[in-house]
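Student: Generate a structure from the sequence data that follows.
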Amino acid sequence: MAYRFRRKDRTAQKGVRRIAREQIDKAIASIDSGDDDADVIYAVRKRCKKLRALLRLVEPVFPNFTKENRAFGDIAKLIGDLRYSHKMQEAYARLVVTYGKELDREAFKTIGEHFRAEREAEISRMDVDARLAACSDHLRKARDRVTHWQVDADGWDAVSWGLLSSYQKAWDAFGKVKETSQMEAYEELRKWAKCHRHHARLLRSISPDFMSERASQARKLGKLLGEHNDLILFEEKLRKDPQIYGSEADVEVVLILAKRQRIVQEAKISRTGGKLFAHKPQHLVEDWHKLWDNWDHNAR
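Tutor: Model prediction:
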C-alpha cells in the first residue's frame, strides 16, 4: 500500500494506524528477506524514518508521541553504526567518479582498499544477525501497540500543527545554514528536509502532481545534504589518522578535492533549498489547507 493518507481511511486515526502497520510489516519483511546486510540495514532505517515522520505529522494530537518516536529511533540506532563505514566507501567512490582523472590512480586505490578493509573488519566485529533479530522483536512489539494508538483530532486539524512545526524547523535550519555554514546547521536541515519530504508524500492525495514534485525537490535536497555530510565525515577520518591511508602528500590531495566537492555541493544545497523553502511556514500551511479542503469537498 502507498505511504499516504486516503479517503477510505475515514479518520486520521485509522490512516495513521494503517500506514504504521504497513511500514512496520515492510521493515520486518526486509529483515526476513535474506538480502545483503547493507541493503537490509538501509531498508529498516528508512522505514523507521518514515514512521517517525508519520508521528511528527500528528505529534500535537498523538498522546503517545514521545514514547513511540523514541522507540523507532532506538530501533534505528541498533544498526546505525553499521552504516558508517559504508558511507565512507560511498564518499570515496563519488570522489573517484568526479576527480579520478586528476589523481594518482594507485594512491587513490590504496585509500579505497583501506576503507573496504575497515568496513569488512567492522562488520566481522559486530553481530549483525543478533542486532537485526532485536530490531525485528522491537518492531513486532510496536506493531501490537499500533492497535491502541489514539489520534485526538480528525481531518486537517490532525495534521496541520505537525506540518507547521516540522516545516518551520526545516525553514529555520535553512536560514541558519545560509548564515553560518556550520556542520550542525546542515545536519539539522537534513533531518527536517527529510521529514518535510515524507509529509508531502503522506499528503500526496490532496494534490498528487504538486505533492509529488514537492517530495521530489525535498528528496534532491536530502540527497545533497547526505552526500555533504558523508564528505565532512570522510575528511575528518582522513585528518584523524592520515598515515593509515597513504603518504602525507596523497592524503592532502584527496582532502583538497573533497573540500572542493563539498563547496560545489553547498552551492547546490543553497539553490535547491531556496526553491523548496521559498514559502514562509504559515503561508505554506495555509496553501496546503486549501488543497485539503478542496480534496475533502470533492470526496463528499
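
Student: Roughly how far does W295 sit from F72?
Tutor: Counting by Cβ to Cβ, to the nearest Å, the gap from W295 to F72 is 28 Å. For every residue, glycine as well, the C-beta is placed using N, CA and C.

Student: Out of those two, name the residue with the larger neighbour count.
Tutor: Remark: of W295 and F72, F72 carries more neighbours, 24 against 16, as counted by other Cβ atoms under 10 Å.

Student: check which helix or strand covers the more buried one.
Tutor: Using DSSP states H and E, F72 falls within helix 65-78.

Student: Determine the set of other helices and strands touching that helix.
Tutor: Applying 3 or more Cβ pairs under 8 Å, 6 or more residues apart in numbering; DSSP states H and E, one finds that helix 65-78 contacts helix 37-57, helix 128-146.

Student: What is the last one packed up against?
Tutor: It stands for helix 128-146. Other elements packing on helix 128-146 under the criterion 3+ Cβ pairs under 8 Å, 6+ apart are helix 12-32, helix 37-57, helix 65-78.

Student: Just give me how far the lowest-mean-pLDDT helix or strand in the chain sits from the chain centre.
Tutor: Lowest mean confidence among the helices and strands of the chain (mean pLDDT, DSSP states H and E): helix 105-125, at a mean of 74. The chain centroid and the centroid of helix 105-125 are separated by 26 Å under Cα atoms, centre = their mean, to the nearest Å.

Student: ok, residues contacting that helix?
Tutor: Residues outside helix 105-125 that contact it (Cβ atoms under 8 Å, 6 or more residues apart in numbering): 37, 82, 84-86, 88-89, 92-93, 95-96, 100, 238, 244-247, 250-251, 253-254.

Student: Which among those count as buried?
Tutor: For those, a burial check counting by 16 or more other Cβ atoms under 10 Å picks out 37, 82, 85-86, 88-89, 92, 95, 238, 245-246, 250-251, 253-254.

Student: Residues contacting stretch 66-80, please?
Tutor: By Cβ under 8 Å, 6+ apart, stretch 66-80 touches 41, 44-45, 48-49, 51-52, 55-56, 59, 62, 128, 131-132, 134-135, 138-139, 142, 145, 149.

Student: Go through that stretch and flag the buried ones.
Tutor: Counting neighbours by 16+ other Cβ under 10 Å, one finds that the buried residues in stretch 66-80 are 68-69, 71-72, 75-76, 78-79.
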